[in-house]
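Chemist: mind folding the following:
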Amino acid sequence: MAFGRQNQEKAPEEETSVWECTAEGCNCWMRDNFKDKQVHTCPVCDSEMKRATKTIQVVENKSLYYNQ
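Modeler: Predicted coordinates for the structure are as follows:
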């Protein structure tokens with residue numbers, strides 16, 4: 001039973017820059033502001049990743065190591 005969740009607002013969504021895996025069977029992707037290095041390889045299958053955009057919920061990266 002989730003009676004307390006009925007009145008929650010939906011999180012805002014916006015076009016967000018992401019990196020998508022180019023491998024045929026892999027559907028891995030990550031937000032651009034959460035990538036951990038400059039080399040863009042898939043963390044799941046080690047294939048190359050390409051830049052794309054998705055309409056997803058807004059999430060801030062509050063890590064001390066994130067440079068905007």
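
Chemist: residues contacting residue 45?
Modeler: Counting by Cβ atoms under 8 Å, 6 or more residues apart in numbering, residue 45 makes contact with 21, 23, 26, 28. Every C-beta, even on glycine, is put in place using the N, C-alpha and C of the backbone.

Chemist: quick check, nearest of the residues you listed to residue 8?
Modeler: The closest of the contacts of residue 45 to residue 8 turns out to be residue 28 (Cβ to Cβ; 28.8 Å).

Chemist: hmm, the closest one is touching residue 44, no?
Modeler: Yes. The pair residue 28 / residue 44 is scored as a contact, 4.5 Å apart, by Cβ atoms under 8 Å.

Chemist: who has more neighbours, these two?
Modeler: Taking neighbours as other Cβ atoms under 10 Å, residue 28 and residue 44 compare with residue 28 leading, 14 against 11.

Chemist: enumerate every residue touching that one.
Modeler: Contacts for residue 28 (Cβ under 8 Å, 6+ apart) come out as 20-21, 42-45.

Chemist: pick out the residue nearest the middle of this protein.
Modeler: Ranked by distance to the mean C-alpha position of the chain (Cα atoms, centre = their mean), the top residue is residue 31 at 2.9 Å.

Chemist: on that earlier part again, narrow the contacts of residue 45 to just the buried residues.
Modeler: Applying a neighbour-count criterion of 16 or more other Cβ atoms under 10 Å, the buried members of the contacts of residue 45 are residue 21.

Chemist: so which pair among the contacts of residue 45 is furthest apart in space?
Modeler: Farthest apart among these - using Cβ to Cβ - are 23 and 28, which lie 8.2 Å from each other.

Chemist: any shared contact partners between those two?
Modeler: Listed as contacting both residue 23 and residue 28 by Cβ under 8 Å, 6+ apart are 42, 45.

Chemist: can you map out the strands along this protein?
Modeler: Secondary structure of the chain, counting by DSSP state E: strands at 13-21, 29-31, 49-57.

Chemist: low pLDDT regions in this protein?
Modeler: Applying pLDDT under 70 to the chain flags residues 1-7, 61-68.
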